[in-house]
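Visitor: Please find the sequence and the predicted model below.
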Protein chains: 2
Amino acid sequence: MIYTKTGEYAIRAILFLARQSKENLIMSSEIAKNEDIPAHYLAKILQRMAKYGYVDSFKGRGGGFKITELAKKSSILEIVERVEGPVINLKCVTGLKECSDENPCPLHDEWAELRNRIYNLISSKSVQEVAEKYSETLRKVK
Amino acid sequence: MIYTKTGEYAIRAILFLARQSKENLIMSSEIAKNEDIPAHYLAKILQRMAKYGYVDSFKGRGGGFKITELAKKSSILEIVERVEGPVINLKCVTGLKECSDENPCPLHDEWAELRNRIYNLISSKSVQEVAEKYSETLRKVK
DNA sequence: TTTATTTAGGATAAGCGGCTCCCATAAGTC
DNA sequence: GACTTATGGGAGCCGCTTATCCTAAATAAA
């Protein structure tokens, strides 16, 4: 995986929230159940996301989380990087010491291209776009 | 990184050995120094690679390691996978629960293509090919 | 208003695996 | 026998993951 479980959980949670009908509050435990994420760990991740403004949280009976406009506009990469720090390791696939743009190892250029495309894949689309596309797919299957 | 440090060290060591003139024994400590790898850890990795037949080891004064024909013919991926287990996590970038070929998430197809290309990049060329290409590059720079 | 309930917030600790180092041992060479 | 090098076990560290427990806040019910 390109990012760690923490990042994966964050994405799954935010995409889950993005698919909910507007203004609907979802409990942390409900997300955990639906997405198969350890409840306590998810609670922490949601906490962090609340701090960064990606979700709004409401306590008390009937409380829960909902996605913010900021998160909807953000890319998957942005959110993951805030939650777990830098994501894509920029070193070349061979890990060779001397490898750089001026002094490329045999796989350097090809790897650089792939790296950029991965980067693009997870940074060019907004969470909302991805979520909408995903909902469509789910609808078709049903 | 796609694989862990252990795998990276293994590759750097095997490519270092592949660049040596024939029948030349290299001590573990020498590889460690040249490639900036923790000496004791590298020793362990070399041990494992010796077991798998990727390097031959010789004890005593003048001893050390040399690459085997098997390793020369093997791909980077093969070696790394033996040393550290399965490498590329096949899950999709979003990590969505329901994502599969029949029921793809929005990024599934694009990610699958990239994943295949990465796979190809590190599995299609033999260690020897990569090492030779690398030696050329080094020669040009000097 | 008081109490109970429900929910998030936050600290802490345990588990695990990758990484690193140290030390004793075995197997060679001189 | 002395030395050199790989082998192998084991301890410790660190970061990611997970679970536990307590507190604070908000709401509902009385």
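Guide: That came through, no problem. All figures in this text were calculated on a predicted structure; none of them were measured in a lab.
Visitor: Now do the helices in chain A.
Guide: A:5-18, A:28-35, A:39-51, A:69-73, A:76-84, A:108-123, A:127-141 (DSSP state H).
Visitor: Next, format those as JSON lines and append mean neighbour count and mean pLDDT.
Guide: For glycine as for every other residue, the C-beta is placed from the backbone atoms N, C-alpha and C. Output for those, formatted as JSON lines (neighbours: other CB atoms under 10 Å in any protein chain shown; pLDDT from 0 to 100):
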{"stretch": "helix A:5-18", "mean neighbour count": "23", "mean pLDDT": "89"}
{"stretch": "helix A:28-35", "mean neighbour count": "17", "mean pLDDT": "90"}
{"stretch": "helix A:39-51", "mean neighbour count": "16", "mean pLDDT": "92"}
{"stretch": "helix A:69-73", "mean neighbour count": "15", "mean pLDDT": "95"}
{"stretch": "helix A:76-84", "mean neighbour count": "21", "mean pLDDT": "87"}
{"stretch": "helix A:108-123", "mean neighbour count": "17", "mean pLDDT": "81"}
{"stretch": "helix A:127-141", "mean neighbour count": "15", "mean pLDDT": "81"}
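Visitor: could you dump those helices to TSV with distance to DNA strand C?
Guide: As requested, the helices of chain A are exported to TSV (distance: least, CB to the nearest atom of the strand, whole Å):
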stretch	distance to DNA strand C
helix A:5-18	11
helix A:28-35	4
helix A:39-51	4
helix A:69-73	15
helix A:76-84	14
helix A:108-123	19
helix A:127-141	19
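Visitor: Turn those into JSON lines, columns for distance to B:Lys73.
Guide: As requested, these are exported to JSON lines (distance: least, CB to CB, whole Å):
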{"stretch": "helix A:5-18", "distance to B:Lys73": "36"}
{"stretch": "helix A:28-35", "distance to B:Lys73": "44"}
{"stretch": "helix A:39-51", "distance to B:Lys73": "44"}
{"stretch": "helix A:69-73", "distance to B:Lys73": "49"}
{"stretch": "helix A:76-84", "distance to B:Lys73": "38"}
{"stretch": "helix A:108-123", "distance to B:Lys73": "21"}
{"stretch": "helix A:127-141", "distance to B:Lys73": "42"}
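Visitor: So for B:Tyr119, which of these sits nearest?
Guide: Closest to B:Tyr119 of those is helix A:108-123 (CB to CB; 10.4 Å).
Visitor: of all the residues in chain A, which ones are close to DNA strand D?
Guide: Residues of chain A that fall close to DNA strand D, judged by CB under 7 Å from any atom of the strand: A:4-6, A:9, A:38-41, A:44, A:58-63, A:84-85.
Visitor: show me which of those neighbour chain B.
Guide: Near chain B, judged by CB under 8 Å from any CB of the partner chain, the entries from those are A:Tyr9.
Visitor: of all the helices of chain A, which lies closest to B:Lys125?
Guide: helix A:108-123 (10.0 Å).
Visitor: which other helices and strands contact the closest one?
Guide: helix A:76-84, helix B:108-123 (3 or more CB pairs under 8 Å, 6 or more residues apart in numbering or on different chains; DSSP states H and E).
Visitor: okay if I get the ones you listed as CSV plus distance to B:Ala71?
Guide: Formatted as CSV, the helices and strands packed on helix A:108-123 follow (distance: least, CB to CB, whole Å):
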stretch, distance to B:Ala71
helix A:76-84, 35
helix B:108-123, 15
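Visitor: B:Gln20: which of the helices of chain A is closest?
Guide: Checked against CB to CB, the stretch from the helices of chain A lying closest is helix A:108-123, at 21.8 Å.
Visitor: mind saving the C-alpha coords of the closest one as CSV?
Guide: What follows is helix A:108-123, C-alpha atoms only, in CSV (Å, rounded to 0.1, in the frame of the first residue of the first chain):
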residue,chain,number,x,y,z
HIS,A,108,14.8,5.8,-12.4
ASP,A,109,13.0,7.5,-15.2
GLU,A,110,10.3,4.8,-15.6
TRP,A,111,9.7,4.9,-11.9
ALA,A,112,9.6,8.7,-11.8
GLU,A,113,6.8,8.6,-14.4
LEU,A,114,4.8,6.0,-12.5
ARG,A,115,5.3,7.9,-9.2
ASN,A,116,3.9,11.0,-10.8
ARG,A,117,0.9,9.2,-12.2
ILE,A,118,0.1,7.7,-8.8
TYR,A,119,0.4,11.1,-7.3
ASN,A,120,-2.0,12.5,-9.9
LEU,A,121,-4.4,9.7,-9.4
ILE,A,122,-5.0,10.4,-5.7
SER,A,123,-4.5,14.2,-5.9
